[in-house]
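> Please find the sequence and the predicted model below.
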Amino acid sequence: MRRVHGMWGWLMLASACPAGPLAPTPETESEGDPEPPTSTSEPSETAGPGPTTTTTTAEPTSTTMSEPVAPCPDGDLDEGEACDDGNDVNGDGCNRDCQPSAELLFEFHPSTRGSDEVQVVAVDADGSIVAGGLGLGLTRWAVRLDKALEVEWSQQYGEAMGLISGVATFAGGAYVAGSAFTDGDGRDVWLARLDPGGALVWEETFGSGFGDDYVTDAAVVDGDGLIVTGFASDQDGLTDLWTRRYAADGTELWTSRVPMGVKFTIWPLGPGLVVTPEHAVVSWARPKDGVFPEWLVAVPLTGGEPSWTVEYPGSGGTIYALAREPGGDLMLAGKQGEALMVRRVTSTGEGVWSSDACTGMNGRDVAIDSQGDVVVIGDGPGGTGTNIRLCKFTSDGKLRWGKDIDGGFGPDRGYSVAIDASDRIVAGGAMMSEVLVDDPWLAVFSP
């Protein structure tokens, strides 16, 4: 789960280079660990300073007119093919393009002066990637990159402490949302509409006046409208599950507040949000009888009281993120007990399958590709603290592959994942640097 100057103004765009020691390796059902490509591109020129981008690209394969290219896949390992298993299934170790599954293709991992991180990623219709999170000076930051993770713009918004934890793209721009820290009552909601170059079209900052208020997720509705969700404080200092819909011009259309009865201090994890044809479905864990069962709430797109809610008694977990499968089922990611959890439910919340086969503690985001496969990102214990976890499941819950991604210097966290039109996996989070500060991390993997 975005700027052109500010945070990155001091960074120079470096030449592309191989993934190096930060390149993750597959760990489960693929046919061996794929070797990363070793070729590098030349340094690119820019009009001004920008973040460091690391890329890896495969060497092109040439053919002659007299030597027709062998079909892929056909079961035979031909020139230019890293593998060929004879089927057109992605993610099973050898993809339909005869290249390995779960291979690191590009990586964006600039070294920054402070603790900065990617909290959320989204893929635009043109294939570009918009990411947002925490920038220099603990400020709101967003960046737009092309398919190879070359920076198009990078922008810091405002000087106050804050965070972007929700991004949604649409034709002609993007929405970013999160929070800004105020001296009066903690965090206030901040959200904005951006033009294609990252400039503000409109923005809004507001709070309840009673405590922390912030957005944790955002989604586009009806082409270029906006729905956001998060937490808001009430007059007693307790936390409400908060959802609001905006028109494209920033006009508030409706607001839903569902009392939780307790004060939450976990931030910015959850609640997650997904838009269906009729509802904005929001996830979290609802306090009840001294426990916190996982909970889904469906608010009509026209506003009003929730149409339905579902609790999962005895789950002992929390749902942090949601995705919708084209047939209508929902995918949930979060934690169950101390395990990373992935769950598939129907459009009204009835269970289909659940899995903790992706080793970890927190499933922070989930996405679905065109094949129906499910990708989850999170984190769990590693050799130098917390490592990033990235896993892919079949539509019926079988683990295809898993990756344990270790930056090598301390805690690393995976926050957000998205799928592009080619089913490449775009992952984002934070990696601890050798000077013990968090650096932003983005990577693109093969399906």
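Structure received. Numbers count the residues shown, from 1 in each chain.
> Need phi/psi at L442.
When read as degrees, to the nearest 10, the backbone of L442 gives phi -130, psi 150.
> from what I can see it touches L104, true?
No. Using Cβ atoms under 8 Å, L442 is not in contact with L104; the gap is 11.4 Å. (C-beta placed from N, C-alpha, C; glycine too.)
> pLDDT below threshold where in the protein?
Applying pLDDT under 70 to the chain flags the ranges 1-69, 265-268, 287-291, 314-315.
> go with 50
Applying pLDDT under 50 to the chain picks out residues 1-64.
> and the nearest residue to L269 once chain neighbours are set aside, which of the three is it?
With Cβ to Cβ, 6 or more residues apart in numbering as the criterion, L269 has its nearest non-adjacent residue at 5.5 Å, and that residue is Y320. Assigned by DSSP: H, G, I helix; E, B strand; the rest coil, the conformation of Y320 is strand.
> List the contacts of Y320.
Applying Cβ atoms under 8 Å, 6 or more residues apart in numbering to Y320 gives the contacts 269-272, 283, 333-335, 362-365.
> Among the residues you listed, which one sits closest to W295?
S283 (7.0 Å; Cβ to Cβ).
> Find the nearest non-adjacent residue to the closest one, please.
Nearest in space to S283, with sequence neighbours left out and distances taken as Cβ to Cβ, 6+ apart, is I319 at 3.7 Å.
> And the one you found, how far from T386?
20 Å (Cβ to Cβ, to the nearest Å).
> Is it correct that L77 is in contact with C83?
Yes. The criterion here is Cβ under 8 Å, and L77 meets it with C83 at 7.0 Å.
> Have a look at the two and say which one is more surrounded.
C83 (19 against 16; other Cβ atoms under 10 Å).
> Report whether the expected contact of that one with E103 is present.
No. Taking Cβ under 8 Å as the definition, C83 is not a contact partner of E103, at 10.5 Å.
> Where do the helices of the stretch 251-400 of the chain begin and end?
With helices called from DSSP state H, counting those that start in this stretch, the stretch 251-400 of the chain shows none.
> The residue nearest to E311 when sequence neighbours are not counted - how many residues pack around it?
What sits nearest to E311 in space, not counting adjacent residues and going by Cβ to Cβ, 6+ apart, is P293, at 4.8 Å. Neighbour count of P293, defined by other Cβ under 10 Å: 18.
> begin at 385 from here
Sure thing, new numbering starts at 385, so read that last one as P677.
> Phi and psi next, for P677.
According to degrees, to the nearest 10, P677 has phi -70, psi 150.
> Do I have it right that E543 meets G521?
Yes. Counting by Cβ under 8 Å, G521 is a contact partner of E543 at 7.4 Å.
> So between the two, which is more surrounded?
Neighbours were counted for E543 and for G521 using other Cβ under 10 Å; G521 has more, 16 against 11.
> can you tell me how far that one sits from G498?
Distance from G521 to G498, by Cβ to Cβ: 7 Å.
> Also E689?
Distance, E689 to G498, by Cβ to Cβ: 44 Å.
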